[in-house]
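>>> How does the following fold in three dimensions:
(one chain, ligands or ions: 2)
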Amino acid sequence: MNLSEIGYRRVVVKLGTSVLTSGSLKLDRAHMVELARQMACLMKAGVEVVLCTSGAIAAGKEHLSYPKLPDTIASKQLLAAVGQSQLILAWSQLFSIYDLHVGQLLLTRADLHDRERYLNARDSLNALLNNGIIPIINENDAVATAEIKVGDNDNLSARAALLCDADLLILLTDQKGLFDADPRKNPDAKLITEVEKIDDSLRMLAGGAVSGLGTGGMATKLEAADIARRAGIEVVIASGHHKDVIQNVVCKKPVGTHFTALEHPLESRKQWILAGPKARGQVALDSGAITAVTEKGRSLLSKGITKVTGKFLRGDTIELIDTNGKVYAKGMSRYSSVDVDKIAGKHSDNIEEVLGYDYGDAVVHRNDMVVLSA
Ligand SMILES: Nc1ncnc2c1ncn2[C@@H]1O[C@H](COP(=O)(O)OP(=O)(O)O)[C@@H](O)[C@H]1O
Ligand SMILES: N[C@@H](CCC(=O)OP(=O)(O)O)C(=O)O
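Ligands and ions are numbered 1, 2, ... in the order given. This is a model prediction of the structure:
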């Protein structure tokens, strides 16, 4: 690899279960060596690498010889607890071939939601990288319930990229990249090589299909790409089995689907709103409010709200949707759901009269909002 060709300083590589198992029911260690070699090569060339690895549940099944377990959260936790230790053992052994040490970080959404825990995770990541150690990240599946889970490693890797201020996120999977239709179902599907905007028509292409042991399919990869590119991080989705894929991506050779980073990334507070907290509720907007928020960059006022769902407190994150449930924006509410229910449809001047107090005209101020169609 020619050092002068490398355009990045810090890279997050996400390996899906589909890549780690090569479509089989167990870890493909021969292929994992090859991926470790490529990452080690980058480290030797001065590029810092963070590995976000799936495969704990697959490794757990393999290690326990495919036990018959009920389809419950507890079974997944059991498999992840057994498999994660096998997975980290495998990575640790493989990187040691290249004289590299690894450090394990098991995260959940709760670690990213809470500011202090977020900063702790960031310090830990930086400490590893500053000492030439490869951080290996996975979701803490053994303790994570649906409430505190990120849920899939595509989204987790995007959050890791934000956390460590990476300049490139590589999502490796079992397809050559994002196609204009699911290639498993449509053999004529064409690879999309460049994406400059993630909109509804692109999300439609991503569908819901998932490979044998994977989670989320292309839909979660697009969510991840959107979060990262809004933070100024370039993203590539490519095949984990393409020869020298990691080097080729880092040297900007044409491989897979490349997502351009936003030229003016969101400020860090908005990045956090987008990537950190789970939405606690939703408010439905009338068409005037949708235009005001999405096209005119305005705050959301109570007058434009037609319905409230979920229970949220002042300061919680909520989604701004239309009457069909389409999400237009995400933001922090200045009023609780109980309050919004009372002031929905009413003019801002009447808030104090209705509630007995007021926290300002905006229910979601534009400074606390990320418009998703942008
Ligand atoms: N438009 C599309 N382009 C490429 N793959 C797609 C598309 N829509 C759905 N998919 C499916 O997404 C799968 C990859 O996602 P997933 O199984 O979660 O993999 P991983 O384990 O790598 O995260 C592919 O095998 C493919 O069938
Ligand atoms: N955390 C889980 C993987 C979750 C996940 O997103 O899987 P994948 O879609 O294969 O990247 C595990 O280690 O098994």
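>>> Would you list the phi and psi of residue 7?
Backbone geometry at residue 7, expressed as degrees, to the nearest 10, gives phi -110, psi 10.
>>> State the number of residues packed around the residue lying closest to it once chain neighbours are set aside.
In this structure, residue 7 finds its nearest non-sequential neighbour in residue 252, 5.4 Å apart by Cβ to Cβ, 6 or more residues apart in numbering. Every residue, glycine included, has its C-beta placed from N, CA and C. Other residues within reach of residue 252 by the criterion other Cβ atoms under 10 Å amount to 15.
>>> A strand includes residue 252, no?
No: under DSSP: H, G, I helix; E, B strand; the rest coil, residue 252 sits outside any strand and is assigned coil.
>>> Quick check: it vs residue 74, distance?
Between residue 252 and residue 74 the computed distance is 45 Å (Cβ to Cβ, to the nearest Å).
>>> And residue 171, by the same measure?
Counting by Cβ to Cβ, the separation of residue 171 from residue 74 is 29 Å.
>>> Residue 8 now?
41 Å.
>>> Which residue of the two possesses the greater neighbour count?
residue 8 (18 against 9).
>>> count of neighbours near the closest residue to that one other than its chain neighbours?
Leaving aside its sequence neighbours, residue 8 sits nearest to residue 168 (Cβ to Cβ, 6+ apart; 4.5 Å). The local packing count at residue 168 equals 22, with neighbours defined by other Cβ under 10 Å.
>>> what do you get for residue 162?
Summarising burial for residue 162: neighbours were counted as other Cβ under 10 Å, giving 26.
>>> and the closest residue to it other than its chain neighbours, how many neighbours does it have?
Nearest non-adjacent residue to residue 162, counting by Cβ to Cβ, 6+ apart: residue 231, 5.2 Å away. When neighbours are defined as other Cβ under 10 Å, residue 231 has 25 of them.
>>> cool, and the one 3 residues further on?
The number of residues packed near residue 234 is 22, by other Cβ under 10 Å.
>>> Run through the neighbouring helices and strands of the longest helix anywhere in the chain.
Of all segments of type helix in the chain, defined using DSSP state H, the longest is helix 73-96. Helix 73-96 is packed against helix 29-44, strand 48-53, helix 56-63, strand 102-107, strand 134-139, with contacts defined by 3 or more Cβ pairs under 8 Å, 6 or more residues apart in numbering; DSSP states H and E.
>>> Out of the ones you listed, which is closest to ligand 1?
Relative to ligand 1, the nearest member of the helices and strands packed on helix 73-96 by Cβ to the nearest ligand atom is helix 56-63, separated by 9.4 Å.
>>> Convert the closest one to PDB, retaining C-alpha atoms only.
Coordinates of each C-alpha in helix 56-63 appear next as PDB, following Å, rounded to 0.1, in the frame of the first residue of the first chain:
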ATOM      1  CA  ALA A  56     -21.100 -12.800  19.100                       C
ATOM      2  CA  ILE A  57     -24.400 -14.600  18.700                       C
ATOM      3  CA  ALA A  58     -23.200 -16.700  15.800                       C
ATOM      4  CA  ALA A  59     -20.000 -17.600  17.800                       C
ATOM      5  CA  GLY A  60     -22.100 -18.500  20.800                       C
ATOM      6  CA  LYS A  61     -24.200 -20.900  18.700                       C
ATOM      7  CA  GLU A  62     -21.100 -22.500  17.200                       C
ATOM      8  CA  HIS A  63     -19.300 -22.800  20.600                       C
END
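>>> centre of the chain versus that helix, how much separation?
Using Cα atoms, centre = their mean, to the nearest Å, the distance from the centre of helix 56-63 to the centre of the chain it belongs to is 23 Å.
>>> and the angle from that helix to strand 48-53?
60 degrees (axes from the mean of the first three to the mean of the last three Cα atoms, to 10 degrees).
>>> all helices of this protein, in order?
Secondary structure of the chain (DSSP H): helices located at 17-21, 29-44, 56-63, 73-96, 109-113, 115-130, 153-163, 200-206, 217-230, 245-250, 268-275, 287-294, 337-343, 351-355.
>>> C-alpha coordinates for the fifth one, PDB please?
The C-alpha coordinates for helix 109-113 follow below in PDB (Å, rounded to 0.1, in the frame of the first residue of the first chain):
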ATOM      1  CA  ARG A 109     -27.400   3.000  23.900                       C
ATOM      2  CA  ALA A 110     -27.500   3.900  27.600                       C
ATOM      3  CA  ASP A 111     -23.700   4.500  27.400                       C
ATOM      4  CA  LEU A 112     -24.200   7.000  24.600                       C
ATOM      5  CA  HIS A 113     -27.300   8.600  26.000                       C
END
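>>> Can you name every helix or strand that it contacts?
Using 3+ Cβ pairs under 8 Å, 6+ apart as the contact criterion, the elements in contact with helix 109-113 are helix 115-130.
>>> on that earlier part again, for the residue nearest to residue 8, give its distance to ligand 1.
When Cβ to the nearest ligand atom, to the nearest Å is applied, the distance between residue 168 and ligand 1 equals 18 Å.
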